[in-house]
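Colleague: fold the stuff below for me.
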Amino acid sequence: MRSYRRRFGIIILFISDLVILFLIALLSVFIRSIMPSIIPGFPVLYINLNYSWWFFPIWLSFLIYEGAYTRKFSFWEEIRMLWKVTLFSTLAILTVFFVGKMSSELSRAVIILIGVLSIFMFPLLRIAVKRILVKIGVITSNTLILGVNDTGKLALKALQKEKNLGYQIVGFIDNGVTIGEKFFEGIKVHTRLERVERYLKYCDIQNVVIALPEFDKEQLTHLVNRLQHKVTSILYFPDFSGMVVMGTELRHFFQDQTFALEIKNNLAQPLNYYTKRIFDYVFGLFFFILLTIPIGIISALIRLTSKGPAILKQERIGKNSKLFICYKFRTMYHDADKRLEIILAEDPAAKKEYETYWKLKNDTRVTAFGMFLRKTSLDEIPQIFNILKGEMSLVGPRPYIPREWDWLKEYSETINCVQPGVTGLWQVSGRSDSSHEQRLTLDAWYVRNWNLWLDIVIILKTIYVVLKKEGAR
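Modeller: Predicted coordinates:
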């Protein structure tokens, strides 16, 4: 029954994609039609959508090729897939346009507008439709987790967070040796793992999650081979986390019936490194031009509301552990260091908090205007100068201060092999609410897993976090 509902949901998704693309095409035509009235001298063009019917088969072909109707995508994976489809579909349509000499029938501006609008509208609308289909249970799949333990709990948490995948956890199953409860994390627990096939049949299970770290190689192989052809897919959660995952590829050795994980050092490739630097300079220059006037206004307001310079200069640890001067808007009173000594000496709770987070939640050293700058993250705008000087990156590890060196030593070789960033993984994973150890772990994970798409995701998540003012202080 569930498989028929899912097929029906895929048909709805296919139709909704057609409708979304048609609406984007209509909006593009409308924008092109009003351009002559907005831009003097812009040519008037009468556009008939009947000549552009072949746009849609091209788009749908790329969607099908990328597995838009057959694969499960996490939220960010789906956005990447849709952007990729948008790019190649637009290029394919422009190629047909120029080769076929169709300038008298179609408008280049409309084709480009469709591509540009699709970058924003297509992911937004398609994911919204998918969320609705998941919520009403049309494109969900019943999932059973094997293992009532910490790994099973981790698997449950991970799958529940990624609602876009459509996994509906209907139960756990374990041998029942170490458990006496009928529920685990609010979900029913079944016993007798050896009868797992019966549960698959009678509970209409499509996916199985294996979270059994105590199983040895032979037990795991036997279990996978038993279940592989009885479900749509099997997810195996190993008993470790923090390992490199982005850029990791599975290598098959058919003759020996084995496989290996190839873990790449993406930043070791010169092309990748220089792509990141070009990305930094282009966006750094763009933001510098855009924010020149706001920088002047904020600097004047800082000087008017408290004594001291507008720009704070601090030594930070940069690439290859070299010190550099990091720029920030001053958010504290000019005698902040003296005030900190008094606070830590008189308040044991504040001292403990500072030793854990290197920050204070209710920091009386921060000025009223400085608090506003911190909550909006505007205090970090001057770091644009560090980006243009090549000392920092748009995305990267936190720029640690020299006194944190003892904490950093264990991770130094990994974290300091790249420029620190204005934003980073730890800022979008709790920001100031994360402990010092968590920040180090996240920064090291970022460096090991770096790719350009990860930077783009972090930038988009940073915008979201700043607008929500999550963890900012």
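
Colleague: ranges for the helices of the stretch 1-150 of the chain?
Modeller: 2-38, 55-65, 75-99, 108-135, 150-161 (DSSP state H, counting those that start in this stretch).

Colleague: CSV please, covering these and showing distance to residue 428, mean pLDDT and mean neighbour count.
Modeller: C-beta here means a position set from N, CA and C on the backbone, and glycine is covered the same way. Listed next are the helices of the stretch 1-150 of the chain as CSV, based on distance: least, CB to CB, whole Å; pLDDT from 0 to 100; neighbours: other CB atoms under 10 Å:
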stretch, distance to residue 428, mean pLDDT, mean neighbour count
helix 2-38, 28, 87, 15
helix 55-65, 29, 94, 17
helix 75-99, 12, 93, 17
helix 108-135, 18, 93, 17
helix 150-161, 14, 90, 17
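
Colleague: distance to residue 366 added to those, as CSV?
Modeller: As requested, the helices of the stretch 1-150 of the chain are exported to CSV (distance: least, CB to CB, whole Å):
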stretch, distance to residue 366
helix 2-38, 45
helix 55-65, 50
helix 75-99, 34
helix 108-135, 36
helix 150-161, 33
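
Colleague: who touches stretch 124-141?
Modeller: With contacts defined as CB atoms under 8 Å, 6 or more residues apart in numbering, stretch 124-141 is touched by 2, 5-6, 8-10, 12-13, 16-17, 20, 75, 78-79, 82, 163-164, 166-168, 206-207, 232.

Colleague: then stretch 351-369?
Modeller: Stretch 351-369 is contacted by residues 301-302, 305-306, 331-333, 336, 339-340, 343-344, 350, 374, 404, 432, 434-436, 473 when judged by CB under 8 Å, 6+ apart.

Colleague: in helices, which of these appear?
Modeller: 301-302, 305, 336, 339-340, 343-344, 350, 374, 436 (DSSP state H).

Colleague: from the residues you listed, list just the buried residues.
Modeller: 302, 336, 340, 343-344, 350, 374, 436 (16 or more other CB atoms under 10 Å).

Colleague: run the chain-centre distance for the helix or strand hosting residue 220.
Modeller: Assessed by DSSP states H and E, residue 220 sits inside helix 217-227. Counting by CA atoms, centre = their mean, to the nearest Å, helix 217-227 is centred 33 Å from the centre of its parent chain.

Colleague: buried set for it?
Modeller: 223, 227.

Colleague: with stretch 380-398 instead?
Modeller: In stretch 380-398, counting by 16+ other CB under 10 Å, buried: 380-387, 391-398.

Colleague: kindly report the domain assignment for the chain.
Modeller: Here the domain parsing of the chain from automatic domain parsing is 2-135, 141-241, 270-331+366-468.

Colleague: can you lay out those domains as CSV showing distance to residue 247?
Modeller: Output for the domains of the chain, formatted as CSV (distance: least, CB to CB, whole Å):
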stretch, distance to residue 247
domain 2-135, 14
domain 141-241, 17
domain 270-331+366-468, 6
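
Colleague: thinking again about what came up before, could I get the ones in helices among the contacts of stretch 351-369 as TSV with pLDDT?
Modeller: Output for these, formatted as TSV (pLDDT from 0 to 100):
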residue	pLDDT
301	94
302	94
305	89
336	77
339	80
340	78
343	80
344	79
350	78
374	85
436	73
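
Colleague: tell me the one of the residues you listed nearest residue 96?
Modeller: Closest approach to residue 96 among these (CB to CB): residue 374, at 51.8 Å.

Colleague: quickly note the distance from the closest one to residue 364.
Modeller: Residue 374 sits 14 Å away from residue 364, going by CB to CB, to the nearest Å.

Colleague: one step back: could you say what helices and strands the helix holding residue 220 packs with?
Modeller: When contacts are defined as 3 or more CB pairs under 8 Å, 6 or more residues apart in numbering; DSSP states H and E, helix 217-227 sits against helix 196-202, strand 207-210, strand 233-236.

Colleague: so which of the ones you listed is the most surrounded?
Modeller: strand 207-210 (a mean of 23; mean count of other CB atoms under 10 Å).

Colleague: how about stretch 258-265: buried residues?
Modeller: For stretch 258-265, it's none, nothing buried (16+ other CB under 10 Å).

Colleague: list the contacts of it.
Modeller: Against stretch 258-265 from outside (CB under 8 Å, 6+ apart): 243-244, 247-253.

Colleague: go on, stretch 212-222?
Modeller: Contacting residues not belonging to stretch 212-222 are listed as 146-147, 149, 151, 210, 223, 236, 238-239 [CB under 8 Å, 6+ apart].

Colleague: which one in those is the model shakiest on?
Modeller: Within the contacts of stretch 212-222, residue 239 has the lowest pLDDT, namely 76.

Colleague: any idea how far the nearest residue to it once chain neighbours are set aside lies from residue 219?
Modeller: Nearest residue to residue 239 in three dimensions, chain neighbours excluded: residue 213, at 3.3 Å (CB to CB, 6 or more residues apart in numbering). To residue 219, residue 213 is 11 Å away according to CB to CB.

Colleague: how many neighbours does residue 273 have?
Modeller: By other CB atoms under 10 Å, 14 other residues sit near residue 273.

Colleague: so it sits in a helix?
Modeller: Yes: residue state for residue 273 (DSSP: H, G, I helix; E, B strand; the rest coil) corresponds to a helix.

Colleague: got the contact list for it?
Modeller: For residue 273, the contact set (CB under 8 Å, 6+ apart) comprises residue 267.

Colleague: let's see it at 10 Å
Modeller: 266-267, 418, 450 (CB atoms under 10 Å, 6 or more residues apart in numbering).

Colleague: how much space separates it from residue 418?
Modeller: 9 Å.

Colleague: which residues do those two both contact?
Modeller: Shared contacts of residue 273 and residue 418, counting by CB under 10 Å, 6+ apart, come down to 267, 450.

Colleague: using CSV, write down the CA coordinates of stretch 341-361.
Modeller: Output of stretch 341-361 as CSV, limited to C-alpha atoms (Å, rounded to 0.1, in the frame of the first residue of the first chain):
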residue,chain,number,x,y,z
GLU,A,341,39.7,41.1,35.9
ILE,A,342,37.3,42.6,38.4
ILE,A,343,34.3,40.4,37.2
LEU,A,344,36.3,37.2,37.3
ALA,A,345,37.8,37.9,40.7
GLU,A,346,34.4,38.8,42.3
ASP,A,347,32.1,36.3,40.5
PRO,A,348,33.0,32.6,40.6
ALA,A,349,30.0,31.6,38.3
ALA,A,350,31.1,34.2,35.7
LYS,A,351,34.7,32.8,35.9
LYS,A,352,33.5,29.3,35.3
GLU,A,353,31.4,30.4,32.4
TYR,A,354,34.3,32.4,30.9
GLU,A,355,36.6,29.4,31.2
THR,A,356,34.1,27.2,29.3
TYR,A,357,33.0,29.6,26.5
TRP,A,358,35.6,32.3,26.6
LYS,A,359,32.6,34.7,26.7
LEU,A,360,30.1,35.9,29.2
LYS,A,361,26.3,35.8,28.5
